[in-house]
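Student: what's the 3D shape of this:
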Amino acid sequence: MNDVDRFIQFSQFKTQIRGSMAHLIVGIDIAKDKHHAFFGTANGKTLWRRLIFSNDLLGYTRLIEQTQVLSSQYQLGEVVFGLEPTSNYHKPLAYWLIKQQYLVVMVAGKAVKDNRELLDGRWDKNDIKDSANVADLISQGKCQFYEQPDEDIVGVRNLLVIRKQLKREDHRLRMRIRNGLIAKYFPEMDRFWGHRLEENLAIVRWYLDPRKISDTEFEEFVRHVTTTNRGVRQMQRLRAIHQAAGESVGMPMDEAAGYEAQLLVERLRQVKEQISQTMQHLESKCQNLSGYQLLLTIPGFGPYIAALVLGALASPFRFTSRKQVIRLAGLDLNASRSGKKSQDSVPKISKRGNADLRYALYQAALIASYHNDGFRRLYHRTLEGRHGERGIKTKARVKLSAKMLVVAWTMLKNNEPFDARRLLGESVQQR
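Tutor: The predicted structure follows:
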């Protein structure tokens, strides 16, 4: 059963679960080695309070055997398993249950936390209560569809996670070099750090001690830290660094500091190379997906953003409306209107969705609002009469981000490339 059929099954389940006499609800509290299961009905009746089973095939088989016994004993024809996502510990169990053709749903961590006190009026937390809490939320229909996309989409998502981890490592190493080495031994170099990373790394590797720079002829210093000649501005920048070294107030360097600089520079270069290799693997994996080439036709969408959107949307047919798609990125508007008039409430985006997707879409909207005539017109249409409003340009681009996500979803659903004429219903031009 694919994700589309499973989503149809889930939608039917949501409409039937409240007060159902046919459903056996299995709430599972996920752990690393052993899981706790609670068996109950949609009417709040407890059938089996605690089943502890191991996180292996023997434990999974025991769970199914107990489920079949209770289902037969109480004549419950429908079974639903619910779990709270916990790191990666829940994924093998969910994958195995789906392969066995069972309905699997998930409950949000915030919902579990908010519902815990409602069970018995106490805030205490334990494995038995947590599994019962999951089952209670499912009986109320307060659960979400558990997505299990095909292998290509899973591969894309895994590569995106690897890239994200490497980018974090890249940033961490940069900050260690800048705040741990340059700030101590060559503080005057900090104002030049934002330009020419490779030259900066060469300086950190070979000339972190400013006294060594001042003792070296400028021409030799340039030959040592550069690989290409970029013209007058490059020479001016390097000459300013060379002059600043002669008046530096940095601390004296020792052998350990030089060794640390060598390790950090080599590791940073290695991470940058790994990021490049990951992007190559990502593009290669995406070539197997028909929607990837379609998404690349959207202005502002490059290989990374197209892969990110494709990985987030997966099967476009599991969404029934544009509102669901917008919520996926946390771009849906919310406002606190309790005790207020509607015009006094300022809506804000929820930011409850995929933060990486939301940021990438904003960057795409930023580019498209400058370089594509259609998106530029949409952007300026939002600004009409509101130029004096605080933050209106950011708000307009956020709105454009939501529009781009809906456009991408529609393109994948209809299997068609981007058509600029459909944005405004008239011809547009690329700048």
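
Student: quick one: residues in contact with the one helix or strand residue 379 maps to.
Tutor: Counting by DSSP states H and E, the element that carries residue 379 is helix 373-383. With contacts defined as Cβ atoms under 8 Å, 6 or more residues apart in numbering, helix 373-383 is touched by 299-300, 365, 368-370, 392-393, 395-397, 399-400, 403-404, 420-421, 423-424, 428-431. C-beta here means a position set from N, CA and C on the backbone, and glycine is covered the same way.

Student: keep only those of those that are in helices.
Tutor: 365, 368-370, 392-393, 395-397, 399-400, 403-404, 421, 423-424 (DSSP state H).

Student: so among these, where is pLDDT lowest?
Tutor: Lowest-confidence member of these: residue 424, scoring 74 (pLDDT).

Student: okay, now the closest residue to residue 260 other than its chain neighbours: neighbour count?
Tutor: The shortest distance from residue 260 to any non-neighbouring residue, by Cβ to Cβ, 6 or more residues apart in numbering, is to residue 181 (6.8 Å). Close neighbours of residue 181, defined as other Cβ atoms under 10 Å, add up to 21.

Student: so for residue 181, what's the pLDDT?
Tutor: pLDDT at residue 181 comes out at 96.

Student: SS state for it?
Tutor: helix (DSSP: H, G, I helix; E, B strand; the rest coil).

Student: thought it was touching residue 261?
Tutor: Yes: using Cβ atoms under 8 Å, residue 181 is in contact with residue 261, at 5.7 Å.

Student: rewinding a little: residues touching the residue nearest to residue 260, list them.
Tutor: Residues near residue 181 by Cβ under 8 Å, 6+ apart: 204, 208, 257, 260, 261, 264.

Student: before we move on, back to that, next, the buried residues of the helix holding residue 379.
Tutor: By 16 or more other Cβ atoms under 10 Å, the buried positions in helix 373-383 come out as 373, 374, 375, 376, 378, 379, 382.

Student: now tabulate those in a markdown table and tack on distance to residue 164 and pLDDT.
Tutor: As requested, the buried residues of helix 373-383 are exported to a markdown table (distance: Cβ to Cβ, whole Å; pLDDT from 0 to 100):
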| residue | distance to residue 164 | pLDDT |
| --- | --- | --- |
| 373 | 33 | 90 |
| 374 | 31 | 91 |
| 375 | 27 | 93 |
| 376 | 30 | 93 |
| 378 | 30 | 92 |
| 379 | 28 | 93 |
| 382 | 31 | 90 |
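
Student: among these, which one lies nearest to residue 149?
Tutor: Nearest to residue 149 out of the buried residues of helix 373-383 is residue 375 (Cβ to Cβ; 28.9 Å).
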